[in-house]
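Visitor: Sequence first, predicted model second:
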Number of protein chains: 2
Amino acid sequence: MSQKILYTNNISETITTLAGEMDPAGTFIVTDTNVAEAVLPRLSLPYPVITVAPGDENKNLTGLTSIWSRLVEAGATRKSLLINIGGGVITDMGGFAAATFKRGIRFINVPTTLLSAVDAAVGGKTGINFEGLKNEIGAFAPADAVVISTALFSTLTDEEILSGYAEMVKHGLLSSEADYRELLGRDILSINPDALLPLLEKSVKVKERIVIEDPTERGLRRALNLGHTAGHAFEAQALHKGHPVPHGHAVAWGILVEMILSNMALGFPSSELQTFTTFLKANGYGCPAVSCEDYSELIALMRHDKKNNSPSEINFTLLESPGHPVIDRSASADDITAALDIFRDLMQ
Amino acid sequence: MSQKILYTNNISETITTLAGEMDPAGTFIVTDTNVAEAVLPRLSLPYPVITVAPGDENKNLTGLTSIWSRLVEAGATRKSLLINIGGGVITDMGGFAAATFKRGIRFINVPTTLLSAVDAAVGGKTGINFEGLKNEIGAFAPADAVVISTALFSTLTDEEILSGYAEMVKHGLLSSEADYRELLGRDILSINPDALLPLLEKSVKVKERIVIEDPTERGLRRALNLGHTAGHAFEAQALHKGHPVPHGHAVAWGILVEMILSNMALGFPSSELQTFTTFLKANGYGCPAVSCEDYSELIALMRHDKKNNSPSEINFTLLESPGHPVIDRSASADDITAALDIFRDLMQ
């Protein structure tokens, strides 16, 4: 698990220098049609482009096969290089294409969203959705390098910035009380790119440290699941209802639910619940449209989370306090019901 | 790259003990319809069976997807276990299915042919064919265990035994002159299973030693390619002509071609060419139906071998003498033409 991560404001030169040093036999960009139109012209990179349809609904076997086919057509060899430029869909699927083409070729990730910079592009998880299940098929395969530049985020919407920032807050909660307080104290939507880059670097290093110790998620890496057991359930239910929500917003709500469970199981301070709720409201994270009639579906969705070892348990990463996570804590359906009640009270 | 390899005459007990020790959440057998009919009833293993169509022509995305789907249907988790029972098609495709399902679950290979025992089942290469290209998509993923039993080979044809034995001879050539001479001295088709098991163990250990040093084929592992650059070309051409030949037979012929190239480039002893030709004839390895009109296609096929770093070179593993391989030797089309002429003279 060695992954070079470069933070830069000079993205095109960084990519071409890096690719040159790797001395590949053929370099190919993988991206989606949106990024191809909005971002690639600014970068003027001298490599052929493989374009796939955008969106999580296209992170599937069809998209994956189209990348493999284009590589075959272009005569890519074991020494070729893929540069995945895009959000998490592109770095996940392009990374998995690279990990499996001729049993693995080198690849570079260039995240174009704050969310993918802080999450998907780093840490070696690649994959596609399969039969409606998220990331059901994939591999642990670290990019040879990740090039992170906040200069790419200028076209992101406020919603996309908030979504990515939620994962940064998660890293703060895993890392230390000081990091967490620093992140809560910022006015997210008015941070300029130059000020965001060092904050982002600090955040990515939290993930890096965890992934280096546990690349294939046997233990410690499960800490990164904080907010995600409940968050994925909110995200999936919203999708079923036809009103999809940004991943990071669902994670932010999930963090609050799991802070409540942490309060119940581990004495996580009650005052922190109020602090985090205030942060969510002040920054416009919104609230999931959830009533008590939704609880059974939400709990069923949590039960099917990939991180569970058996269908009879629901596994969470909880917190003793900010900076002190505890992995592999299970909660009962009754506990989760109580937590969802408190969550709705707080968010009202 | 840790891979437990068990040699046994008590296969069912070995498998069930091993699977029990791994404490999986659900165990599934992957096999093909032939093995399901001819071998599984003898083993009486207490696990559900996922069956795919037999043959290399079914080692493809359709077969792979059907295994993934069955695992989803059955509720397999990250803690589940796959047991691949079959020839190289099954261990390659079942291994790749396991390597990618939920980003990787554990698997055991149980080779049912001599060829897969000595070659495909060991060493972590998994994959499928894609758009007519062999093993174009795959991963390096060692089985957690390989269970090898010559008791499974009782239904193999003479041709299948010869095919597997050719890979054992290749290992002898890579290992030492003494190992090579020992293998040449045997009357292949009359070795009984109990005598074959230790020979096979010695042979597999040669591959193991090489793979431990170089799991992802950056250097030393290319030695295992001995006989395969020319061999794959014979195999592919025979397939195109509608008269497929066993893999090991093509490798045996390829070894002779590459011994001739070794003689030209590295002074490999001429007397050894005669010795190996005699071995091939005495044991009934036959001869490829090749005339000088076939040379250009054969050379083009060698040029497209996955092990080449660029289309302008043809890369071989050659030999200074038995037991002394040299990797990464390129040969010109003229050299190969000359070698094919000598090959045909010898095999006449």
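Guide: Thanks, I have the structure now. Note that the structure is predicted; figures quoted are calculated from it, not measured.
Visitor: May I have the residues that are in contact with the residue in the stretch 151-300 of chain A that chain B sits nearest to?
Guide: Going by Cβ to the nearest Cβ, chain B is nearest to A:Thr216 of the stretch 151-300 of chain A, at 7.0 Å. All C-beta spots, glycine's among them, are computed from the backbone N, C-alpha and C. Residues touching A:Thr216, when contacts are defined by Cβ atoms under 8 Å, 6 or more residues apart in numbering or on different chains, comprise A:140, B:103-104.
Visitor: What about these, which are in strands?
Guide: Within those, residues falling in strands by DSSP state E are A:Phe140.
Visitor: Might you list the low-confidence residue ranges for the stretch 201-348 of chain A?
Guide: Residues of the stretch 201-348 of chain A meeting the criterion pLDDT under 70: A:306, A:309-311.
Visitor: mind listing the helices for it?
Guide: Along the stretch 201-348 of chain A, counting by DSSP state H, counting those that start in this stretch, helices occupy A:228-240, A:247-266, A:270-283, A:295-303, A:333-347.
Visitor: do the stretch 1-150 of chain A as well
Guide: Defined through DSSP H, counting those that start in this stretch, the helices belonging to the stretch 1-150 of chain A, from first to last, are A:11-22, A:33-38, A:40-43, A:61-73, A:88-100, A:114-118.
Visitor: Spell out which parts of chain A neighbour chain B.
Guide: When proximity is defined by Cβ under 8 Å from any Cβ of the partner chain, chain A lies next to chain B at A:25, A:61, A:65, A:68-69, A:72, A:75, A:77-79, A:99-104, A:125-127, A:130-131, A:133, A:135-140, A:216, A:306, A:308-311.
Visitor: Of those residues, keep whichever come out buried.
Guide: A:25, A:61, A:65, A:68, A:72, A:77-79, A:99-104, A:125-127, A:130, A:135-140, A:308 (16 or more other Cβ atoms under 10 Å in any protein chain shown).
Visitor: one step back: tabulate the helices of the stretch 201-348 of chain A (a markdown table), appending mean neighbour count.
Guide: Supplementary listing: the helices of the stretch 201-348 of chain A in a markdown table, determined by neighbours: other Cβ atoms under 10 Å in any protein chain shown:
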| stretch | mean neighbour count |
| --- | --- |
| helix A:228-240 | 23 |
| helix A:247-266 | 24 |
| helix A:270-283 | 15 |
| helix A:295-303 | 18 |
| helix A:333-347 | 17 |
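Visitor: which regions of the stretch 1-150 of chain A lie under the pLDDT threshold?
Guide: In the predicted model of the stretch 1-150 of chain A, residues A:1-2 satisfy pLDDT under 70.
Visitor: Could you rerun that using 90?
Guide: Where the stretch 1-150 of chain A drops to pLDDT under 90, the residues are A:1-3, A:132-134.
Visitor: Name the residue most distant from the centre of chain A?
Guide: Relative to the C-alpha centroid of chain A, counting by Cα atoms, centre = their mean, A:Gly75 is the outermost residue, at 32.1 Å.
Visitor: Could you verify my assumption that that residue touches A:Phe28?
Guide: No. In terms of Cβ atoms under 8 Å, A:Gly75 does not count as a neighbour of A:Phe28; the distance is 10.7 Å.
Visitor: next one: phi and psi at A:Arg103?
Guide: With angles defined as degrees, to the nearest 10, A:Arg103 sits at phi 60, psi 30.
Visitor: Could you list which residues are in contact with it?
Guide: Taking Cβ under 8 Å, 6+ apart as the criterion, A:Arg103 is in contact with A:78, B:125-127, B:135, B:138-140, B:216.
Visitor: got it, and A:Arg222?
Guide: Counting by Cβ under 8 Å, 6+ apart, A:Arg222 makes contact with A:307, A:315, A:317, A:327-328.
Visitor: quick check, nearest of those residues to A:Ser176?
Guide: Closest approach to A:Ser176 among the contacts of A:Arg222 (Cβ to Cβ): A:Thr317, at 16.1 Å.
Visitor: Quick check, that closest one in contact with A:Leu226.
Guide: Yes. Applying Cβ under 8 Å as the test, A:Thr317 and A:Leu226 come out as touching, 4.4 Å apart.
Visitor: neighbour count winner among these two?
Guide: Shown here are A:Thr317 and A:Leu226; by other Cβ atoms under 10 Å in any protein chain shown, A:Leu226 has more neighbours (28 against 23).
Visitor: show me the contacts for that one.
Guide: Listed by Cβ under 8 Å, 6+ apart, the contact partners of A:Leu226 are A:170, A:173-174, A:255, A:258, A:317, A:319, A:325.
Visitor: Mind checking which of these are in strands?
Guide: When these are checked against strands (DSSP E), the matches are A:317, A:319, A:325.
Visitor: now the contacts of A:Thr216 as CSV including distance to A:Arg42?
Guide: What follows is these, written out as CSV (distance: Cβ to Cβ, whole Å):
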residue, distance to A:Arg42
A:Phe140, 32
B:Arg103, 34
B:Gly104, 37
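Visitor: For the residue positioned nearest the centre of chain A, list the residues it contacts.
Guide: Nearest to the mean C-alpha position of chain A, by Cα atoms, centre = their mean, lies A:Asp119 at 3.5 Å. Counting by Cβ under 8 Å, 6+ apart, A:Asp119 makes contact with A:88, A:164, A:167, A:207.
Visitor: same check, this time on A:Pro246
Guide: With contact set as Cβ under 8 Å, 6+ apart, A:Pro246 has these partners: A:115, A:159-160, A:162-163.
Visitor: closest to B:Ala53 among those residues?
Guide: The shortest distance between B:Ala53 and any of the contacts of A:Pro246, using Cβ to Cβ, involves A:Leu115 and amounts to 41.8 Å.
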